[in-house]
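In: sequence-free structure coming up:
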């Protein structure tokens, strides 16, 4: 059942649940951040509307820089602006930024320790028909390996807006991962959000959970659906929305692992180096439990409809349920 | 204010001292780059002791000009010039590249916060300087007095990132941006025109809508006058193509690409220091 404390969307399990692209929340969040703080500036590499930065550009034309198709310049120019006191948000498709400009991000933003906010839109295979070249499934790994980097993967548009507003107020280099497609709205304006805080979005009706599903991004919704179905099969599930992948909310993760004794991680990303890896690195050192990983297994994406691709690469509700059953068998 | 002959002599003496410091620190470090730092000593001296608006006692003074070193491997000349300008003690130069030092092999702002940027991987500095110039213009308009100086190498013009920055600066007409290219014609694998030709180099910048000044980068009078000229250009960013002699001041090192990336041993350093001291004495005697 969904805990009341999180004030989630009461219609989340309805067939007609409202669907909004997560990137839209970023666009609204950046506009609001720009209104609150004149030091916020926007830079985009020829994808202004697609990444939803056009709202900011229209309101603050003098604080927006059109970079052209040049992602290496995008992040390095932002680094320079940040050293002058600006809070730059840079947006492109995740495959191009951070995909193309990793070393520039490492040296001029993270090593240099300046507050640039990197927005990678159109992440994951759910980009769909554009095909594998445009489907970033390595970006979490690329960003979470950098010391002091904050990595956030919001579960819906409302959380993306809150995350955008929150990161505008921190001094850290930050990566926010967004997806293109319309995504069910899980949270409400009242749902608490804090950078670095994981939240329990589903818990057993009574007693201890049998398994904890730790999910990030749009797949949090599929994890919730899987949990709801498993509930009917008398399997107690906790679902955690791990929207901040770095820094990890170690306290919440440890509590979940101790209480459930088995973990399934769910992400639209390569299993190698992804969010599940981050959770495993932490739990292996402190409280190892059987784990299963939902994600992409060392393959590239391809053209197709978003849901078709998620099914094909093993990230559907049925796959999450199967992973739960598998991990339960491994529990002592 | 135009540079006077006596100021030029004073700076030549300073550059000579900085070159000696470069040799001494590289000898102690046992590794590092020799040719580039020696070649750029006159440009750094002119900037820190004549052109740059800065305050070594207050490195974070908000009104200061900005100096971005893009080709971080010539850090010895940056550190030596900063020490001689009073940012920190000259004795600290001997810690270069050693464990725990503030003077990392390539500049790192976390260790030495008075640096404007960390650098080393090539091709990024000009973009950072462009970002600073854009931010400054957002705050102070096109009439801004502040100048953003970027020091780049010719070799790093092989990097696409550099040309992305050149294109954007031209588009944005960043008159508050002055880039200096150390045109010493060498890079690790050989002469630039053999490795990856850059000529016609000035024409490339002109076609990207920059104002181009070509100078003898080891002539302090020409260097100072080029920076003055850049201040009069209102519609464009300025690039100063500074033709320098790599290894300048030490006959044994001059114009040899082999000296791009290695440090002198004791014997080579002693000879170099002797030559530089003789040269320093000569400048002094002419001065007096």
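Out: Structure's in. What do you need? Predicted model, so just to flag it, every value in this text is computed and none were measured.

In: Mind listing residues that contact stretch B:6-14?
Out: Identification of contacts with stretch B:6-14 by Cβ atoms under 8 Å, 6 or more residues apart in numbering or on different chains yields B:42, B:45-46, B:49-50, B:84, B:220-221, B:224, B:280, B:283-284, B:286-287. C-beta: built from backbone N, CA, C; applies to glycine.

In: quick one, strands of chain A?
Out: For chain A, the strands defined by DSSP state E cover A:19-21, A:40-44, A:64-66, A:87-93, A:117-121, A:150-152, A:174-177, A:182-184, A:199-202, A:211-215, A:237-241, A:244-246, A:263-270, A:291-296.

In: and residue A:75, what does it touch?
Out: Residue A:75 touches A:90, A:97-98, A:101, A:104-105, A:108-109, A:116, A:118, counting by Cβ under 8 Å, 6+ apart.

In: likewise residue B:59?
Out: Residue B:59 makes contact with B:87, B:113-114, according to Cβ under 8 Å, 6+ apart.

In: do the same with residue B:103
Out: B:25, B:75, B:79, B:92-93, B:95-97, B:111-112.

In: So what does the closest residue to chain A within the stretch 101-250 of chain B have for phi and psi?
Out: Using Cβ to the nearest Cβ, the single residue of the stretch 101-250 of chain B nearest to chain A is residue B:131, 2.4 Å away. Dihedral pair for residue B:131: phi -60, psi -40, per degrees, to the nearest 10.

In: Now do it, the pLDDT please.
Out: Note on residue B:131: pLDDT of 98.

In: Report the beta-bridge partners for residue 241.
Out: No chain in the question, so chain A it is. residue A:199, residue A:215 (DSSP bridges).

In: try again with chain B
Out: Residues in beta-bridge contact with residue B:241 (DSSP bridges): residue B:181, residue B:214.

In: neighbours around it, how many?
Out: Residues within reach of residue B:241, counting by other Cβ atoms under 10 Å in any protein chain shown, total 20.

In: which residues does the closest residue to residue B:35 other than its chain neighbours contact?
Out: Nearest-residue entry for residue B:35: residue B:246, 3.7 Å, with adjacent residues in sequence omitted and distances by Cβ to Cβ, 6 or more residues apart in numbering or on different chains. Counting by Cβ under 8 Å, 6+ apart, residue B:246 touches B:35-36, B:38-39, B:184-186, B:253-257, B:259-260.

In: Could you export the residues you listed as JSON lines, including pLDDT and distance to residue A:8?
Out: What follows is those, written out as JSON lines (pLDDT from 0 to 100; distance: Cβ to Cβ, whole Å):
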{"residue": "B:35", "pLDDT": "95", "distance to residue A:8": "64"}
{"residue": "B:36", "pLDDT": "96", "distance to residue A:8": "59"}
{"residue": "B:38", "pLDDT": "97", "distance to residue A:8": "66"}
{"residue": "B:39", "pLDDT": "97", "distance to residue A:8": "64"}
{"residue": "B:184", "pLDDT": "95", "distance to residue A:8": "63"}
{"residue": "B:185", "pLDDT": "94", "distance to residue A:8": "65"}
{"residue": "B:186", "pLDDT": "92", "distance to residue A:8": "63"}
{"residue": "B:253", "pLDDT": "95", "distance to residue A:8": "69"}
{"residue": "B:254", "pLDDT": "96", "distance to residue A:8": "72"}
{"residue": "B:255", "pLDDT": "92", "distance to residue A:8": "71"}
{"residue": "B:256", "pLDDT": "89", "distance to residue A:8": "69"}
{"residue": "B:257", "pLDDT": "85", "distance to residue A:8": "65"}
{"residue": "B:259", "pLDDT": "92", "distance to residue A:8": "66"}
{"residue": "B:260", "pLDDT": "89", "distance to residue A:8": "61"}
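
In: Just the ones of those residues in strands?
Out: In strands, defined here by DSSP E, the members of these are residue B:186.

In: Residue A:158: which of the contacts of residue B:246 is nearest?
Out: residue B:36 (52.7 Å; Cβ to Cβ).

In: Turn the contacts of residue B:59 into TSV, including neighbour count and secondary structure.
Out: Shown next, in TSV, are the contacts of residue B:59 (neighbours: other Cβ atoms under 10 Å in any protein chain shown; DSSP: H, G, I helix; E, B strand; the rest coil):
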residue	neighbour count	secondary structure
B:87	19	coil
B:113	11	coil
B:114	14	coil
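
In: Tell me the pLDDT of residue B:288.
Out: 59.

In: which bits of chain B sit near chain A?
Out: Within chain B, the residues that sit near chain A (Cβ under 8 Å from any Cβ of the partner chain) are B:66, B:68, B:108-110, B:116-121, B:123-124, B:127-136, B:138-139, B:160-161, B:164-165, B:167-168, B:172.

In: Out of the contacts of residue B:103, which is nearest to residue A:304?
Out: Using Cβ to Cβ, residue B:111 comes nearest to residue A:304 of these, at 49.2 Å.

In: What pLDDT does the model give the nearest residue to the closest one once chain neighbours are set aside?
Out: Nearest in space to residue B:111, with sequence neighbours left out and distances taken as Cβ to Cβ, 6+ apart, is residue B:102 at 4.8 Å. pLDDT, residue B:102: 98.

In: my read: residue B:102 touches residue B:92, true?
Out: Yes: with contact defined as Cβ atoms under 8 Å, residue B:102 and residue B:92 form a contacting pair (7.1 Å).

In: Now do residue A:190: how many residues are near it, please.
Out: 9.

In: Likewise for residue B:235?
Out: The burial count for residue B:235: 9, using other Cβ under 10 Å.

In: Pull the contacting residues for the residue lying closest to it once chain neighbours are set aside.
Out: Excluding the flanking residues, the one nearest residue B:235 by Cβ to Cβ, 6+ apart is residue B:173, at 5.6 Å. Neighbouring residues of residue B:173 by Cβ under 8 Å, 6+ apart: B:142, B:209, B:235-237.
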